[in-house]
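Student: please work out how this folds:
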Amino acid sequence: MVGQPLNEREVPGVDRDFLDTVSTEHPVVIVQYTFHRAVTNSRGLEVLGYGTSADAPPGGELTVGADGRLDGWMFEQAWLGPWLPGPGRASIAPGGEEKAQVVALQEVNTELHRVGITSYCDAIVTPLERGMYTAARREGVLTPRVSMLLWHRYFDAAAWPAEQPDATHLQLAGVKLMLDGAFSGGTCLCRHPYVSATGGDNGLQVLGDTEFAEMVRAVDAAGLRVAVHANGDLAIAKVLDVLEGLADRPGRPNHRIEHCSIVDEALIARIARAGVTPVPFGPFIALFGEAVHGFYGERVEMACAHRSFMEAGVAVGGSSDFPIVPIDPLLAMASLVTRRTAAGLVVGAGQRLDVLDALSVYTAGSAHATGEGAIKGRLTPGRLADFVVLDADLAAVAPDEIAAVPVRSTWVGGTRVWPAD
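Tutor: Numbers count the residues shown, from 1 in each chain. Model (predicted):
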């Protein structure tokens, strides 16, 4: 039994003993909303082979309760490995039949069109999801344009397709790696200590330095894009260390740093020189401002630093991190403009964008991030006719009203894919 998402701030007390009241016969796993940790019952620990904290794999952690027993919480690789194990191993969360997946995908895509989305990048894809998208495209029901990032454990340079599934509608955009933990969940890897969600004085490094560097070099040597999840400033620096060490090669795609959450001016300068595309969270300041300020203190003044990136001439892509948070791009744009939480806390006022710059993050910036800036992201002759009709001019409404502007219709390739009526 697998469920998600759990926010323990809203539903406290979920641990091994609690889940044992649900079942001691069947494994039960509840995924925390960040997807960086999960909690399981005694049977789940038994099936996974976890008896003590020493059983945690490299890049993972198993925490214990006051009684010294495992409390059921699994951090990073302790649960990511069983979830995304790589070829030849079964996941603890099997996907079910492809036909049912395609039906569910249609329902999700309708919701995305409803909030004005014409394209998106699925940031963790395995052969299972790749087959689902391919089937949907084959059946003519894949209405948005989709870019896929293949989880690194499934990467095989020899098996990478010579041609994209569909030049403008469905593409493998690169290979996804994860170097550290969660920004809002308090497990990202930072240069300076903080009280993390694990109870330690820093977050977790998910991949070892050698394994990470070797994988980046292999993907780059295949002529492909890497997209590295790195939130903390130490993790971001480690990514740049490897990218800066790559041999010069003409035609290299723009490598990405997913989230790229906590930075400073020196890191931004390195990112600009390396031609790397950061893809920071859009709505996280509005949604988790209090939480991240609690973890990182004044460092959050330069968190999700869209303005500093843009002022340095760095193209910035937009990210919701859905399904962890709502995918609504207008909600994200409102966060970029106001940097204000629902409770009124302003976090990093110096990083506020004007509304047109915020719009560019979710249009031209996102197209650049997937290597598609030449064909979409702007409404100009020769580019794809993907657009959204809103009920108001975003430049004319108050910043606090941006998220509430209704979407009247959504169009992909000149075809209306979502009508408001």
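
Student: okay, domains of this structure per the record?
Tutor: 2-83, 98-416 (automatic domain parsing).

Student: so who does Leu394 touch?
Tutor: Shown in contact with Leu394 (Cβ atoms under 8 Å, 6 or more residues apart in numbering): 333, 355-356, 359, 402, 405. Where C-beta positions appear, they are placed from N, C-alpha and C, glycine not excepted.

Student: could you rerun that using 7 Å?
Tutor: Residues counted as contacts of Leu394 (Cβ atoms under 7 Å, 6 or more residues apart in numbering) are 355, 359, 402, 405.

Student: just curious, which of those residues is nearest to Glu163?
Tutor: Leu359 (32.6 Å; Cβ to Cβ).

Student: check the gap between the closest one and Ser366 for me.
Tutor: Leu359 sits at a distance of 11 Å from Ser366 (criterion: Cβ to Cβ, to the nearest Å).

Student: between the two, point out the one with more neighbours.
Tutor: Ser366 (26 against 21; other Cβ atoms under 10 Å).

Student: what's the pLDDT at that one?
Tutor: Note for Ser366: predicted pLDDT of 97.

Student: got it, and Arg9?
Tutor: pLDDT, Arg9: 84.

Student: the residue lying closest to Thr363 once chain neighbours are set aside - how many residues pack around it?
Tutor: Of all residues not flanking Thr363 in the chain, Gly377 sits nearest, at 5.0 Å (Cβ to Cβ, 6 or more residues apart in numbering). Around Gly377 there are 23 other residues, counting by other Cβ under 10 Å.

Student: contact partners for Gly377?
Tutor: 363-364, 366-368.

Student: considering the contacts of Leu394, which possesses the most neighbours?
Tutor: Ile402 (23 neighbours).

Student: that one against Val337, yeah?
Tutor: Yes: in this structure, Ile402 is within contact of Val337 by Cβ atoms under 7 Å, at 6.3 Å.

Student: give me the common contacts of those two.
Tutor: With Cβ under 7 Å, 6+ apart as the test, Ile402 and Val337 both reach Val355.

Student: where's the residue lying closest to Ile402 once chain neighbours are set aside relative to Ala404, distance?
Tutor: What sits nearest to Ile402 in space, not counting adjacent residues and going by Cβ to Cβ, 6+ apart, is Ala334, at 4.1 Å. When distance is defined by Cβ to Cβ, Ala334 is 9 Å away from Ala404.

Student: one more: Asp201?
Tutor: In terms of Cβ to Cβ, Asp201 sits 41 Å off from Ala404.

Student: repeat that for Pro253.
Tutor: Applying Cβ to Cβ to Pro253 and Ala404 gives a distance of 37 Å.

Student: between these two, who's got more neighbours?
Tutor: The neighbour count for Pro253 versus Ala404, taken as other Cβ under 10 Å, is higher for Pro253 (17 against 13).

Student: C-terminal to the host helix or strand of Met74, what's the next element?
Tutor: Using DSSP states H and E, the element containing Met74 is strand 70-76. Where DSSP H and E defines the elements, the next helix or strand beyond strand 70-76 is helix 77-83.

Student: how about the strands in the stretch 1-150 of the chain?
Tutor: 2-6, 29-32, 37-40, 60-64, 70-76, 119-125, 145-151 (DSSP state E, counting those that start in this stretch).

Student: pull up the pairing partners for the first one, direction included.
Tutor: Same thing as strand 2-6. Using DSSP bridges, strand 2-6 pairs in its sheet with strand 29-32 (parallel).

Student: equivalent analysis for the last one, please.
Tutor: Using DSSP bridges, the strands paired with strand 145-151 are strand 119-125 (parallel), strand 170-178 (parallel).

Student: what about the residue most central in space within the chain, which helix or strand?
Tutor: The chain has Asp321 as the residue nearest its centroid, 4.1 Å off, counting by Cα atoms, centre = their mean. Counting by DSSP H and E, Asp321 is held by no secondary-structure element, helix or strand.

Student: give me the neighbour count for Met354.
Tutor: Not quite, residue 354 is Asp, not Met. Neighbour count for Asp354, taken as other Cβ under 10 Å: 13.
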